[in-house]
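Participant: Fold the following for me, if possible:
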Amino acid sequence: MISDLTQFALYVLILTAALVPMGMLLTRTFTGASHTILERLTYKTLGVNPDEGMSWKRYGMALLLSNAAMMGLGYFFLRIQGLLPFDSLGRSAQTPDLAFNTAASFVTNTNWQSYSGETSLSNFSQMAVIIFLQVVSAATGLAAAAGFMRGLSRKNARDIGNYWVDFTRVIYRVMLPLSFVVALILVWQGIPQTLDSATTVTTLEGAQQQLVMGPVASLESIKHIGTNGGGFFGANAAHPYENPTPLTNFIDMICMLLIPGALTYTFGSIIIRRRQGWAFYAAYLVMFIGFLATVYGSERNGNPLLTAVGVDQHYSATQPGGSLEGKEMRFGAGQTSLFVAVTTAGTTGSVNAMHDSLMPIGGLVPIAEMMLNNVFGGKGVGFINLITFAILTVFLVGMMIGRTPEFLGKKIEAREMKLVMIAVLVHPFSILGFTALAGLLPATMQALGNQGPHGFSEVLYTYTSATANNGSAFAGLSTNTPFFNTSIGFAMLIGRYLIVLPMLAVAGTLAAKKTIPEGPGTLSTSTPLFTGLLVFVVFVVGGLTFLPSLALGPIVEHLLLAAHHTF
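Facilitator: Alright, predicted model coming up:
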């Protein structure tokens, strides 16, 4: 246990130290006036004037249409996969519903997989569709964050920047350099990087075995840096080719929260209020540590039903202790719990264990993190979600003291609050609506791996993961059907664009307002008090919205397990 706690503390310390240089890089990327030769060549190719500002409407439209085009390109390649090169194994094209699901998944930074990568995708598809969309979807999220921050920092302005400049800079200055460096480290640690589709090896017993190969290291690097999560192999980061050593496991976790955490420093730098950035980071950290303690406590204590029949679940020289079902022995309960908390906090979706095998309260943690969608969150969008709740917090406090709410020197009025509530309510409507729809269909019962509360949790987890653009799965639900592929695809699109676009509108309206000086009744948003209020509002709003569904799944399952153990 001491070893696990040491690892947790080391992780938080390294992450906190690394977010400062990362935040400085993002600040220069978002605010720099100069353009590199490669960037200017890109602008010229696209026919873009980099000095032209865009209103929030044009900015949002450029984001939406470019993503639609890239999704269409990905869908096209998946549908003609059998005609494309780099596949000596001759894998066939994906079906229309599966191709739609995959293209929607990766363009929205969700990376949900209703397929197993090594059996469904060729190396060409892995590179031209999966890796390509992982890069541009992460860049899209960061570009949205750049425009959003710019809108909050400006006064009497009619634009929030240029989408194409933000998008291009993020790719060239952040995504590609970081991915290249991390990929080299991963190759050094033994992760394959080749254009060969497979290799044949002789096992220790003398038999011949075919091992699927491909550009795994390059996919793994952008997968975690871009909070993507889609695995080259079906077992994802539990597969030794994707995550072979404790070092790669640790690097993966640092990469997942590095940029989401650094955006708080970037925001503080852009608005010239560093304390504000650290206050938001503190909110992230408080929520994250609370969830980590919960999942670790659940998994470390083991399964009481196994204890009752004499199974030893204590730490020893031969086993890491705790509940080990669905976990890699090399990671144990400690590193698995940390990975669970990290991957669903950062909406990455990469998994080094099967979440379906978590204890009931352990399984509640990833669902709750994705439902709140404010514990670090994905590239850019997670920060936008946190600001959404920060605005909601100042509004609620302002109403309690009878004062017009203010945020960063701007009055929050009816229009902003309507847009904020659209962004807040879209999330639960999508999750609960699609879950209810799936629950009405008889085919859902046939797709479940479990019945009862845990079976309900499998369905709830699926649509929570899709709407939160996370992509991880309980893995007990067979989702490769026309209904699930289509409904999950729409949940991913709703969760991405119906949250980003209203908040870009908020940024645009606030950019056009003048800044007012702080008065004696102004609520400071850079104090520990506000951090506590923000966390409280996030949990209260999330709890009131999702508690009934959680009570039907993980909470009831936990109570049934406790009752079974007692009697």
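
Participant: CA atoms for contacts and neighbours, from now on please.
Facilitator: Will do.

Participant: which SS state does the spatially most central residue of the chain fall under?
Facilitator: For the chain, the residue sitting closest to the mean C-alpha position, by C-alpha atoms, centre = their mean, is Thr347 at 1.7 Å. When classified by DSSP: H, G, I helix; E, B strand; the rest coil, Thr347 comes out as coil.

Participant: which SSE is the nearest residue in space to it that is not next to it in sequence in?
Facilitator: The shortest distance from Thr347 to any non-neighbouring residue, by C-alpha to C-alpha, 6 or more residues apart in numbering, is to Asn470 (4.1 Å). According to DSSP states H and E, Asn470 maps onto no helix or strand at all.

Participant: my guess is Asn470 meets Val342, correct?
Facilitator: No. Asn470 is not in contact with Val342 according to C-alpha atoms under 8 Å; the separation is 11.4 Å.

Participant: can I assume Pro360 is in contact with Pro554?
Facilitator: Yes. Counting by C-alpha under 8 Å, Pro360 touches Pro554, with 5.0 Å between them.

Participant: shaky segments in the chain?
Facilitator: Across the chain, the stretches falling below the confidence threshold (pLDDT under 70) are 1, 521, 547-553, 555-567.

Participant: now the strands for it?
Facilitator: All strands of the chain, identified by DSSP state E, fall at 198-202, 208-212, 406-407, 410-411.

Participant: contacting residues around stretch 113-120?
Facilitator: For stretch 113-120, contacts defined as C-alpha atoms under 8 Å, 6 or more residues apart in numbering pick out 91-94, 98, 101-102, 105, 212, 230-234, 471, 478-480, 485.

Participant: Buried residues, it. List them.
Facilitator: Of the residues in stretch 113-120, those buried by neighbour count under the rule 16 or more other C-alpha atoms under 10 Å are Gln113, Ser114, Tyr115, Gly117, Glu118, Ser120.

Participant: for Thr531, what are its contacts?
Facilitator: Neighbour list for Thr531: Ala279, Phe280, Ala282, Ala283, Thr525 [criterion: C-alpha under 8 Å, 6+ apart].

Participant: Could you rerun that using 6 Å?
Facilitator: Residues near Thr531 by C-alpha atoms under 6 Å, 6 or more residues apart in numbering: Ala279, Ala283.

Participant: I'd like the strands of the chain as TSV, with mean neighbour count and distance to Leu504 appended.
Facilitator: Conversion of the strands of the chain to TSV gives the following (neighbours: other C-alpha atoms under 10 Å; distance: least, C-alpha to C-alpha, whole Å):
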stretch	mean neighbour count	distance to Leu504
strand 198-202	12	45
strand 208-212	12	43
strand 406-407	22	16
strand 410-411	19	16
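
Participant: can you put these in TSV and add distance to Met287?
Facilitator: TSV is the format used below for the strands of the chain (distance: least, C-alpha to C-alpha, whole Å):
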stretch	distance to Met287
strand 198-202	43
strand 208-212	39
strand 406-407	22
strand 410-411	27
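
Participant: For the residue lying farthest from the centre of the chain, grab phi and psi.
Facilitator: Within the chain, Gly206 marks the point farthest from the mean C-alpha position, 42.8 Å out by C-alpha atoms, centre = their mean. Reported as degrees, to the nearest 10, the phi and psi values for Gly206 are phi 90, psi 0.

Participant: what about it, distance to Pro260?
Facilitator: 48 Å (C-alpha to C-alpha, to the nearest Å).

Participant: now swap in Asp356 and tell me
Facilitator: Taken as C-alpha to C-alpha, the span from Asp356 to Pro260 is 26 Å.

Participant: out of the two, which sits in the more crowded spot?
Facilitator: Set side by side, Asp356 and Pro260 give different neighbour counts by other C-alpha atoms under 10 Å, the larger being at Pro260 (31 against 23).

Participant: Quick one: residues contacting the more buried one.
Facilitator: In this structure, Pro260 makes contact with Phe376, Lys379, judged by C-alpha under 6 Å, 6+ apart.

Participant: Next: Gly334.
Facilitator: Contact criterion C-alpha under 6 Å, 6+ apart gives Asp4 as the residues in contact with Gly334.

Participant: Only the buried residues of stretch 449-457, if you could.
Facilitator: Residues of stretch 449-457 classed as buried: Asn450, Pro453, His454, Gly455, Phe456, Ser457 (neighbour count, 16+ other C-alpha under 10 Å).

Participant: now swap in stretch 388-397 and tell me
Facilitator: Of the residues in stretch 388-397, Thr388, Phe389, Ala390, Ile391, Leu392, Thr393, Val394, Phe395, Val397 count as buried by neighbour count, 16+ other C-alpha under 10 Å.
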